[in-house]
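K.L.:
Please find the sequence and the predicted model below.
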Amino acid sequence: MKVDLTVNGKDITADVEDRTLLVHFLRDVADLTATNIGCDTTSCGACTVLLDGESVKSCTVLAAQASGHEVVTLEGLADGAEMHPVQKAFHEQHGLQCGFCTPGMVMAIVSLLKENPHPTEEQVRTGLEGNLCRCTGYHNIVRAALAAAAGETNQ
Amino acid sequence: MIPATFTYKRAASAEEALDLAAEYGEDAKFLAGGHSLLPLMKLRLAAPEVLIDLGGLRDLSYVHDLGDHIAIGALTRHHDVEHSDVLASEIPLLAHAAGQVGDPQIRHRGTIGGSVAHADPASDLPAVLLALDATFTARGGDGSREIPAGEFFQSLFETSLEPGELLTEIRVPKPSDRAWSFQKFTQRAIDWAIVGVAVQGHSVALVNMGPTPLRATAVEQALAAGASPADAAAHAADGTSAPADIRASTAYREHLAQVLTRRALAEAH
């Protein structure tokens, strides 16, 4: 079937199988491989992207369902060479270890801060319930989210 | 993992969804948020030949205050139920429980109607709506009918919806006794409840204590007869048939139901 998505501001039309998952569309058709496939069972959050501005797990959305809608992946956050404040905060707070969960964590935090620009630490922790870090590096991830919310990133 | 092959159809209206359902019959399933159905399809536990996507029916996403009850469109997402001001003030149990479903990403996609129609006894909202004496509106080729929550859930993943009928609305009466509590016990935050308990007034319903969500009738009768919350909660497992699985044995769930019911009644009253 033909699907037509806006991904990171760019229109992408493709013929795909009806059963194509959004994450496979992003990685294999759009060639955007920052979005990782972790558990593939809606648990780990590694495949989190924004669909119409809200975090979703792209392993559990069909490309067909997203057709006509707007998707933002990690590659779409930076403004040219200028990193997004959440990316900067991850860099500065060392919010990653192996890095596998990082794209999903960053996207989940971008969505969280859009809904709640000034969360408490507890709200960040519950807001990241859907994202697992297999290195258990949660403390610095939470610090990065709070630093981004406070605007405490170096310009 | 990808699902087995199927044909995807997107319905632009409830009428078109019903027409497609009539055309494809039992080979078709409705797709709402897809956060119960797609995982089952990836595991090959479900393999419908046709998916009828309801995602475009935004006119079935609403929360309306209609005086003595609240009407909720079947395609209202958990996120929108959780953040509804009307529900927060009128039926906080439902808004709170919706905020406990899965995680933020799941709540951005999953819908209240999808959860009800899927009828997983481990899901939170079916039991919550049972405790709230909700009714469900089903629309078919011959018009609409109302189904009380107590008659809706027939067995594991089985409801009284007829083939081709579409769940369109959930109606929840405003509770006269405003005391409420929702207790959910999980291993990880995003897991289904090992056991859950919803209390509204003296109505008590159980998550994952049988093939359907259950009213804890023995607890309700004990409360009506004047038993203390702690004594009433001791009856929480009466008449249940809790499953045993990798997370918990039947006996563990029976004990947990009593503990959570005691906590729920204490918190509510």
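P.N.:
Here it is on my side, so go on.
K.L.:
Helix or strand: which one has the most centrally placed residue in chain A?
P.N.:
To find the centre residue of chain A, average its C-alpha atoms and take the closest one (C-alpha atoms, centre = their mean): that gives residue A:107, at 2.7 Å. Assigned by DSSP states H and E, residue A:107 falls within helix A:102-115.
K.L.:
How about residue B:147?
P.N.:
Using DSSP H and E, residue B:147 falls in strand B:143-148.
K.L.:
Just give the nearest non-adjacent residue to residue B:248, would you?
P.N.:
residue B:194 (4.9 Å; C-beta to C-beta, 6 or more residues apart in numbering or on different chains). (Each C-beta comes from the backbone N, C-alpha and C, glycine too.)
K.L.:
Look up how far residue B:246 lies from the one you found.
P.N.:
Look at residue B:194 and residue B:246: by C-beta to C-beta, to the nearest Å, they are 11 Å apart.
K.L.:
out of the two, which sits in the busier spot?
P.N.:
residue B:194 (21 against 4; other C-beta atoms under 10 Å in any protein chain shown).
K.L.:
where's residue A:100 relative to chain B, distance?
P.N.:
Distance, residue A:100 to chain B, using C-beta to the nearest C-beta, to the nearest Å: 17 Å.
K.L.:
Go through the residues of chain A and report the one nearest to chain B.
P.N.:
Across chain A, no residue is closer to chain B than residue A:130, which sits at 2.8 Å (C-beta to the nearest C-beta).
K.L.:
Let me know whether that residue touches residue B:109 as I believe.
P.N.:
No: applying C-beta atoms under 8 Å, one finds residue A:130 not in contact with residue B:109, separated by 11.2 Å.
K.L.:
residues in the stretch 51-200 of chain B within reach of chain A, list them.
P.N.:
B:51, B:53, B:55, B:79, B:102-106, B:108-109, B:188-190 (C-beta under 8 Å from any C-beta of the partner chain).
K.L.:
Which residue is the nearest non-sequential neighbour of residue 109?
P.N.:
As the question left the chain open, I've gone with chain A. Once flanking residues are discounted, residue A:109 sits nearest to residue A:145: 4.7 Å by C-beta to C-beta, 6+ apart.
K.L.:
if you could check chain B rather than the one you did, that'd help
P.N.:
The spatially closest residue to residue B:109, leaving aside those adjacent along the chain, is residue B:33, at 4.1 Å (C-beta to C-beta, 6+ apart).
K.L.:
Next up, the contacts around that neighbour.
P.N.:
In this structure, residue B:33 makes contact with B:55, B:77, B:109-111, B:114, judged by C-beta atoms under 8 Å, 6 or more residues apart in numbering or on different chains.
K.L.:
at 6 Å what do you get?
P.N.:
The neighbourhood of residue B:33, defined by C-beta atoms under 6 Å, 6 or more residues apart in numbering or on different chains, consists of B:109-111, B:114.
K.L.:
And the residue lying closest to residue B:47 once chain neighbours are set aside, how far from residue B:78?
P.N.:
When the adjacent residues along the chain are set aside, residue B:47 lies closest to residue B:4, with 4.7 Å between them (C-beta to C-beta, 6+ apart). Using C-beta to C-beta, residue B:4 is found at 27 Å from residue B:78.
K.L.:
which of the two has more neighbours?
P.N.:
Summary of the neighbour comparison: residue B:4 and residue B:78, criterion other C-beta under 10 Å, with residue B:78 having more neighbours (27 against 12).
K.L.:
Next up, the contacts around the more buried one.
P.N.:
When contacts are counted by C-beta under 6 Å, 6+ apart, residue B:78 touches B:98, B:101, B:107, B:110.
K.L.:
helices or strands next to the helix or strand the third one falls within in the packing?
P.N.:
For residue B:107, the enclosing helix or strand under DSSP H and E is helix B:104-109. Secondary-structure packing of helix B:104-109 (3 or more C-beta pairs under 6 Å, 6 or more residues apart in numbering or on different chains; DSSP states H and E): strand A:54-57, helix B:78-82.
K.L.:
What's the first helix or strand after the longest one?
P.N.:
It refers to helix B:78-82. helix B:85-90.
K.L.:
same deal with the first one?
P.N.:
Elements were assigned by DSSP H and E; along the chain past strand A:54-57, the next helix or strand is helix A:63-66.
K.L.:
For the chain, which segments count as helices?
P.N.:
Going with chain A. In chain A, helices defined by DSSP state H lie at A:22-24, A:63-66, A:85-92, A:102-115, A:121-127, A:138-149, listed in chain order.
K.L.:
that's the wrong chain, I wanted chain B
P.N.:
Counting by DSSP H, chain B has these helices, from start to end: B:14-24, B:37-42, B:78-82, B:85-90, B:92-98, B:104-109, B:112-118, B:124-131, B:149-152, B:217-224, B:229-233, B:250-268.
K.L.:
which of these sits most buried?
P.N.:
Across the helices of chain B, the average number of neighbours (mean count of other C-beta atoms under 10 Å in any protein chain shown) peaks for helix B:124-131, which reaches a mean of 28.
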